[in-house]
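In: Just a sequence and a predicted model for now, questions to come.
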Amino acid sequence: MPDDSGNSSQDLRDWQATFDAANDVIWILDKNHRIVRSNKAAGRLFGLETEDLVGKHCFEVAHGTPGPIAKCPMPRARKSLSRESMELEIGERFFLVTVDPILDSRGNFDGAVHIISDITEYKKTEEALRKERDRAQMYLDLAGVMFVAIDTEGTVTLINRKGCEVLGCARDEIIGVKWFDKFVAAGEREKIKTIFGKLMSGEIETPGYHENPIITANGEERIIAWHNTILKDEAGNIIGTLSSGGDITARKLAEQEREKLQEQLIHSQKMESVGRLAGGVAHDFNNLLTVIENYADFVAEGLGENDPLRDDLRQIIEAGQKASGLTRQLLAFSRRQVMEPRIIDLNEIVADLQKMLERLIGEDIELRTVLAEDLGRVNADPGQVEQVLMNLAVNARDAMLGGGRLLIETANVDLGEDYVARHPGSIIGPHVMLAVSDNGQGMTEDVRQKIFEPFFTTKGLGRGTGLGLSTVYGIVRQTGGNIFVYSEPGEGTTFKVYLPLDEGEVSEQKPDLEPVDLRGTETIMVVEDEEAVLKLAKRILSSAGYKVIAAQSGDEALGKCEGHGGEIDLLLTDVVMPGMSGKELAGRLAAISPGLKVLYMSGYTDEAVAQHGVLKEGARLLAKPFESSQMLKKIRITLDGD
């Protein structure tokens with residue numbers, strides 16, 4: 001063979017020396033698997049002299065079989081005309097068999113170079129690494145949270161059992177898959193890919209914690225709270241991320257459900273604390289206050305400046321005004337309308353509610369307030385903050401059945417890292433604190449842990465719904481704040497509400513513009529079933545120059561309208577009356593007197609009237625009790641309006 005190749009004898013000897021020096025077994029095979037040439041490594045491996053191997057079939061020597069084994073790579077190399085390989089086990093050692101085809105001058109298969117490499121140490125190392133990987137995988141599979149590793153291209157390189165359970169896929173359906181393409185919602189995909197790309201380039205640092213939804217195999221969305229770690233190689237190059245994730249879907253759904261329930265709970269608590277009082281006596285009480293205040297004004301107007309009765313009348317008027325303010329405040333709690341948050345001063349809220357709270361908790365409980373000077377402002381719904389105070393006061397009252405002390409405090413506080421670490425859910429920074437403390441019976445730790453859960457109550461049957469404190473919690477959280485409770489059995493209870501500081505100025509309600517002239521000459525029909533209020537309205541309007549037609553019922557009003565014969569410019573009617581309602585009367589009079597304008601009056605609130613279907617949205621309403629100037633202003637605005 002060397003002689004035919006044209007090589008010198010020295011070249012042949014050099015080639016043979018190199019051939020025999022190789023540690024790997026090298027055979028030159030003809031196309032029938034016969035060994036044409038063999039190196040010394042083959043003899044050492046198979047216990048034969050090199051010359052004894054020549055002429056034998058490779059499968060006889062390597063496998064002791066009369067023909068090629070099923071996975072022999074040579075038939076594949078003959079077909080593909082390219083390198084083929086297989087692994088071979090001989091005794092306790094492992095080998096890699098590689099076959100490279102030899103082609104004749106026409107490019108046809110004419111034999112092969114057959115190399116057998118000892119890979120035993122490699123296989124041992126690989127097996128050790130596999131065992132170590134399996135051990136690590138076992139530990140990860142024991143974890144109760146997801147573990148997912150992703151390389152720089154977004155391909156999943158590791159997933160544990162919990163991750164497979166959450167995703168609803170087998171491990172081999174996840175490994176090697178592009179995470180963002182398969183498990184992230186289409187609407188979020190490009191945004192998250194962009195962020196991930198910046199993480200992998202080192203442009204931004206990974207957020208240690210974040211929440212985002214993933215899509216499972218059945219298309220379900222699950223919300224996962226992730227803790228992320230950037231993976232780097234020994235050279236410090238970023239090679240991917242390792243993330244642990246907890247499924248918080250149930251918690252998030254519960255929070256959403258709580259938010260939906262909160263509007264109902266707020267209304268329920270308002271009705272429980274003051275709704276019965278407001279709905280039961282407000283109408284009649286406001287009628288009485290309307291008469292008392294206005295007739296006291298009439299008497300005062302007729303007295304001289306030095307008349308000693310003026311001071312007495314002033315006391316009556318001031319008492320009536322305070323009663324009117326209290327009534328309006330009580331009625332406001334029973335409204336269901338959603339009020340927008342604005343910049344408020346908590347000290348003003350506490351001061352305005354103090355008298356009402358004293359009546360609510362009873363005479364056997366002492367109420368004290370300690371309000372901080374220069375208190376910061378907060379952005380909150382005033383009505384909701386009032387609801388928080390009311391519910392906390394009621395809760396404190398029920399904990400002090402034999403009497404006690406209730407303390408309300410406000411303060412500026414700056415929540416630091418230590419506090420936030422000990423109070424999950426709070427945030428670092430300046431806050432305004434509202435604290436409500438009692439010296440009542442206190443509570444156990446087990447009760448304290450459940451105190452904000454909806455429908456949880458320690459009160460007896462019929463003494464509460466268990467929704468008061470959960471409503472407080474929801475309001476505070478919606479406002480961006482937090483609430484914590486401190487209590488021990490027999491040592492009383494303190495609720496501390498923390499609301500974020502807002503640097504804005506306190507929002508003021510713009511006053512209504514007063515009409516230039518409150519007098520008029522138009523014809524007004526007044527319909528009111530309460531005789532004293534009817535007489536009062538007639539007197540006020542007549543004194544202001546209006547022509548007045550008075551009636552105590554809808555039927556009487558219809559009769560007087562038909563007998564009047566002229567135009568009626570405005571109908572001033574009570575909303576709720578025996579027989580015919582104010583709305584029904586307005587509709588029937590409009591058919592008789594086209595262009596009639598209507599002003600309703602009622603001792604109920606706007607919302608209370610509207611929810612009974614009495615008035616349509618946008619209807620004008622004069623709330624009782626009213627002063628004569630308020631009545632004339634509403635009359636003039638209604639007459640002059642569109």
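Out: Right, received. Where do you want to start? Because the structure is a prediction, the values reported are computed rather than measured.
In: in the stretch 301-450 of the chain, which spans are strands?
Out: Assigned by DSSP state E, counting those that start in this stretch, the strands in the stretch 301-450 of the chain fall at 342-344, 365-370, 378-380, 404-415, 429-438.
In: helices and strands around the third one, which ones?
Out: So that's strand 378-380. Strand 378-380 sits against strand 342-344, strand 493-500, with contacts defined as 3 or more CB pairs under 8 Å, 6 or more residues apart in numbering; DSSP states H and E. All C-beta atoms are positioned from the backbone trio N, CA, C, and that covers glycine.
In: Give me whichever of the strands of the stretch 301-450 of the chain is most buried.
Out: Highest mean neighbour count of the strands of the stretch 301-450 of the chain: strand 378-380, a mean of 23 (counted as mean count of other CB atoms under 10 Å).
In: Sheet partners, orientation included, of it?
Out: With DSSP bridges as the test, strand 378-380 is paired with strand 342-344 (antiparallel).
In: How far off centre is the strand it pairs with?
Out: Computed by CA atoms, centre = their mean, to the nearest Å, the chain-centroid distance of strand 342-344 equals 23 Å.
In: can you check stretch 392-407 too?
Out: Centroid separation for stretch 392-407 versus its chain: 33 Å, with CA atoms, centre = their mean.
In: Name the helix or strand for Arg189, please.
Out: Element membership for Arg189, per DSSP states H and E: helix 186-200.
In: right, and the helix or strand after that helix?
Out: Heading C-terminal from helix 186-200 (DSSP H and E), you reach strand 209-215.
In: what sits against Asp110?
Out: Residues near Asp110 by CB atoms under 8 Å, 6 or more residues apart in numbering: 30-31, 102-104.
In: Pairing partners for the helix or strand hosting it, with directions?
Out: For Asp110, the element it lies in under DSSP H and E is strand 109-118. Note on strand 109-118: by DSSP bridges, its sheet partners are strand 25-30 (antiparallel), strand 93-103 (antiparallel).
In: can you tell me which of the ones you listed comes nearest to Thr120?
Out: Among the strands paired with strand 109-118, the nearest to Thr120 by CB to CB is strand 93-103 (4.5 Å).
In: ok, and for that closest one, which residues are buried?
Out: Of the residues in strand 93-103, 94-99, 101 count as buried by neighbour count, 16 or more other CB atoms under 10 Å.
In: which one of those is nearest Ile408?
Out: Using CB to CB, Phe94 comes nearest to Ile408 of these, at 80.6 Å.
In: pLDDT wise, what is the spatially closest residue to that closest one that is not a sequence neighbour at?
Out: Excluding the flanking residues, the one nearest Phe94 by CB to CB, 6 or more residues apart in numbering is Lys123, at 4.4 Å. We have a pLDDT of 79 for Lys123.
In: what's the following helix or strand after the host helix or strand of Lys123?
Out: Per DSSP H and E, Lys123 falls inside helix 120-142. Counting by DSSP H and E, the next helix or strand C-terminal to helix 120-142 is strand 146-151.
In: Check the offset of that next one from the chain's centre.
Out: Centroid separation for strand 146-151 versus its chain: 26 Å, with CA atoms, centre = their mean.
In: For my notes, confirm Leu572 occurs in a helix.
Out: No: under DSSP: H, G, I helix; E, B strand; the rest coil, Leu572 sits outside any helix and is assigned strand.
In: which ones are touching it?
Out: Leu572 neighbours (CB under 8 Å, 6+ apart): 524-527, 537, 541, 599, 601, 622, 635.
In: what do you get for Ala399?
Out: With CB under 8 Å, 6+ apart, Ala399 has these contacts: 438, 440-442, 492-493.
In: a markdown table please, covering those and showing distance to Thr206.
Out: Output for the contacts of Ala399, formatted as a markdown table (distance: CB to CB, whole Å):
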| residue | distance to Thr206 |
| --- | --- |
| Asp438 | 46 |
| Gly440 | 48 |
| Gln441 | 49 |
| Gly442 | 45 |
| Gly492 | 46 |
| Thr493 | 42 |
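In: Of the residues you listed, just the buried ones, ChimeraX syntax please.
Out: Buried residues among the contacts of Ala399 (16+ other CB under 10 Å), as a ChimeraX selection:
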select :438,440,441,442,492,493
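In: And the contacts of Ala399, which is closest to Met400?
Out: For these, the closest approach to Met400 (CB to CB) belongs to Gly440, at 4.1 Å.
In: That closest one reaches Gly490, doesn't it?
Out: No: counting by CB atoms under 8 Å, Gly490 is not a contact partner of Gly440; they are 9.2 Å apart.
In: Can you flag which of the contacts of Leu572 belong to strands?
Out: By the criterion of DSSP state E, membership of these in strands covers 524-527, 599, 601, 622.
In: And the furthest pair within the contacts of Asp110?
Out: It's Asp30 and Leu103 that sit farthest apart of the contacts of Asp110, by CB to CB, at 13.0 Å.
In: isn't there a strand covering Glu165?
Out: No: checked against three-state DSSP, Glu165 lies outside a strand; its state is helix.
In: Gly504: neighbour count?
Out: 11 (other CB atoms under 10 Å).
In: Hmm, it is touching Val378, no?
Out: No: here Gly504 does not reach Val378: they are 9.5 Å apart, not a contact under CB under 8 Å.
In: Need the residues touching each of the two.
Out: In terms of CB under 8 Å, 6+ apart, Gly504 and Val378 are both contacted by the residues Ile343.
In: coming back round to it: could you dump the contacts of Asp110 into TSV and include distance to Ile214 and pLDDT?
Out: Shown next, in TSV, are the contacts of Asp110 (distance: CB to CB, whole Å; pLDDT from 0 to 100):
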residue	distance to Ile214	pLDDT
Asp30	59	92
Lys31	56	89
Ile102	54	92
Leu103	53	91
Asp104	59	89
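In: Okay, helices next: where are they in the stretch 401-550 of the chain?
Out: 417-422, 445-450, 468-478, 531-543 (DSSP state H, counting those that start in this stretch).
In: Equivalent analysis for the stretch 151-300 of the chain, please.
Out: Using DSSP H, counting those that start in this stretch, helices in the stretch 151-300 of the chain cover 161-167, 179-183, 186-200, 249-270, 276-301.
In: For Asn412, which of those is the nearest?
Out: Using CB to CB, the nearest of these to Asn412 is helix 249-270, at 27.4 Å.
In: Quick check: Thr521 vs Ile119, distance?
Out: 113 Å (CB to CB, to the nearest Å).
In: Mind checking which of the two has more residues around it?
Out: The neighbour count for Thr521 versus Ile119, taken as other CB under 10 Å, is higher for Ile119 (16 against 9).
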